[in-house]
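Asker: How does the following fold in three dimensions:
(one chain, ligands or ions: 1)
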Amino acid sequence: MSDICLEFQNLTLGYQGHAAVHHLTGTVECGSLTAIVGANGSGKSTLMKGIAGILKPISGGCASKFKRLAYLPQQSELDRSFPARVVDLVALGFLQDRGLLGRVTEDDKAKLAACLEAVGLSGFEKRSLDSLSGGQMQRALFARTMLQDADLILLDEPFTAVDERTIRDLVLLVRQWAAEGRTVLCVLHDHVLVRAHFPQTLLIARKLVGWGPTPEILTPDKLLRARNFQEAWDETAGWCAESPVALHHTHGRGGGHDGETQRTVARV
Ligand SMILES: Nc1ncnc2c1ncn2[C@@H]1O[C@H](COP(=O)(O)OP(=O)(O)OP(=O)(O)O)[C@@H](O)[C@H]1O
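Answerer: Next up is the predicted model:
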């Protein structure tokens, strides 16, 4: 697994015994930039939670090789009524290094200020979270992600309800992260954005429909297959047996991650 950051091994994920992602097998290369695409309810967020270790597999597994993980969930899963300031939210990026009671050093403060500046939020440090617009909140979350200095970054619909200029700024950051050798997986609905900026695409409709270079995946026939599969899906179906045909996919591009230790995502 030299250049492989993530390996799905017949991975099935779900809730209360009902599978939401079925028998996913394949690998993600270190330093690759992958869009996760599919209709509503197709299992994209479930897959992200499985990779992040929030959701344990029903069967199969997800092996991984990374030092630090950053996971940005959907905005709808965040509670903005909590009385916190922008600086408090972004400083959570230090949690992995400092712990809950760790002291923030002068160097940390400079890093935090640099991240806020990079997302265009200098001067917003003391603003309360509930006073931010959707786009400003997303910029603050990107600043936190940047501060985490992760080599595996999971973004779940990061551009929802964000204006075009903010999308442009944040996409540049995402591309910069990949150019730095970080592995990025990003859930997206906007196919134009995917085609323009994401070299790899994983198309899902509860099970894998296609995975590989974006121009080969976002084709009319595959998108139709994804839609048909989704529409035919039985929401109440339980766990299903493994398909007799074993799939294996390898995707992405290599990047330098020498000396990393291998571990399972569930332990992150
Ligand atoms: N906590 C949960 N408990 C039970 N079922 C869930 C839970 N979260 C998601 N599901 C179900 O799992 C399936 C996949 O949901 P998931 O959120 O992964 O889809 P998605 O592709 O991210 O959708 P969207 O594009 O709408 O965000 C859906 O049928 C959903 O209802």
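Asker: Only C-alpha atoms from now on, for both contacts and neighbour counts.
Answerer: OK.
Asker: Quick check: the gap between H18 and the ligand.
Answerer: As judged by Cα to the nearest ligand atom, to the nearest Å, H18 and the ligand stand 8 Å apart.
Asker: got it, and F8?
Answerer: From F8 to the ligand the distance is 16 Å (Cα to the nearest ligand atom).
Asker: Show me what that residue is bridged to.
Answerer: Under DSSP bridges, the beta-bridge partners of F8 are G26, C62.
Asker: May I ask you to confirm that it is in contact with T25?
Answerer: Yes: counting by Cα atoms under 8 Å, T25 is a contact partner of F8 at 4.8 Å.
Asker: and the gap between the closest residue to R139 other than its chain neighbours and C30?
Answerer: Distances taken as Cα to Cα, 6 or more residues apart in numbering place V119 nearest to R139, at 5.6 Å, with adjacent residues excluded. V119 sits 25 Å away from C30, going by Cα to Cα, to the nearest Å.
Asker: Who has more neighbours out of the two?
Answerer: Ranked by neighbour count (other Cα atoms under 10 Å), V119 and C30 place C30 first, with 28 against 20.
Asker: Over to that one: give its phi and psi.
Answerer: C30 adopts backbone torsions of phi -60, psi 140, taken as degrees, to the nearest 10.
Asker: go on, K126?
Answerer: Taking degrees, to the nearest 10, you get phi -90, psi 0 for the backbone angles of K126.
Asker: Confirm that L208 sits in a helix.
Answerer: No: counting by DSSP: H, G, I helix; E, B strand; the rest coil, L208 is not part of a helix but strand.
Asker: Spit out the contact partners of it.
Answerer: H22, L24, L202 (Cα atoms under 8 Å, 6 or more residues apart in numbering).
Asker: Just the closest of those residues to the ligand, please.
Answerer: H22 (10.9 Å; Cα to the nearest ligand atom).
Asker: In the sheet, which residues pair with that closest one? Tell me.
Answerer: H22 has the following beta-bridge partners by DSSP bridges: K207.
Asker: just to revisit the earlier point, correct me, but the residue nearest to R139 touches A140?
Answerer: Yes: with contacts counted by Cα under 8 Å, V119 reaches A140, the gap being 7.3 Å.
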